[in-house]
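**Student:** structure here, sequence nowhere to be found:
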């Protein structure tokens with residue numbers, strides 16, 4: 001509901017800006033002055049006056065275009081920043097939601113793991129991580145042989161249980 005009201009507010013603000021700009025152009029635009037008989041070109045005595053008046057109009061319109069360009073650039077930068085922030089927040093929220101779903105739903109976790117292992121690159125990375133973990137455990141337990149055998153027995157039992 002808030003977003004709809006925000007869009008309506010922005011739309012009516014845009015319309016009000018257009019109407020205000022149109023009113024300023026109608027009441028103070030040089031063409032209106034020419035139509036009303038207040039033509040500055042008719043009062044020009046020689047060519048340098050005409051060139052000066054034309055140059056004034058060119059500079060005036062250039063300022064308008066520069067201001068419009070600055071406003072559009074600023075809006076583009078603001079939108080890019082806003083979309084970047086919202087995208088990061090959305091990714092973070094989705095990762096948190098995926099993590100909680102994987103912890104609560106074992107079937108989903110199993111499907112997720114199978115999908116991960118179906119990709120060779122990810123499977124290789126997981127195998128390297130597992131190898132490092134096993135090497136670490138073996139280095140810790142290599143001085144005490146009695147701890148190494150139960151570790152391998154437990155690992156073998158888990159592997160056989162998963163294969164069944």
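**Tutor:** Nice, I can see it. Source: prediction; values computed, not measured.

**Student:** can you list the domains in the chain?
**Tutor:** For the chain, the domain assignment from automatic domain parsing gives the residue ranges 1-39, 46-104, 116-163.

**Student:** so can I have TSV of the ones you listed showing distance to residue 110 and mean pLDDT?
**Tutor:** C-betas here are computed from N, CA, C, even on glycine. Conversion of these to TSV gives the following (distance: least, CB to CB, whole Å; pLDDT from 0 to 100):
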stretch	distance to residue 110	mean pLDDT
domain 1-39	39	73
domain 46-104	10	86
domain 116-163	10	74
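
**Student:** turn the ones you listed into TSV, including mean neighbour count.
**Tutor:** Written out in TSV, the entries for the domains of the chain read as follows (neighbours: other CB atoms under 10 Å):
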stretch	mean neighbour count
domain 1-39	10
domain 46-104	10
domain 116-163	11
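
**Student:** give me the phi and psi for residue 118.
**Tutor:** When read as degrees, to the nearest 10, the backbone of residue 118 gives phi -70, psi -20.

**Student:** err, residue 105, not the other one
**Tutor:** phi -120, psi 110.

**Student:** ok, how many other residues are close to it?
**Tutor:** Residue 105 is flanked by 12 other residues according to other CB atoms under 10 Å.

**Student:** counting contacts, what elements does the strand or helix carrying residue 99 pack onto?
**Tutor:** Here residue 99, judged by DSSP states H and E, is contained in helix 47-104. Counting by 3 or more CB pairs under 8 Å, 6 or more residues apart in numbering; DSSP states H and E, the packing neighbours recorded for helix 47-104 are helix 106-117.
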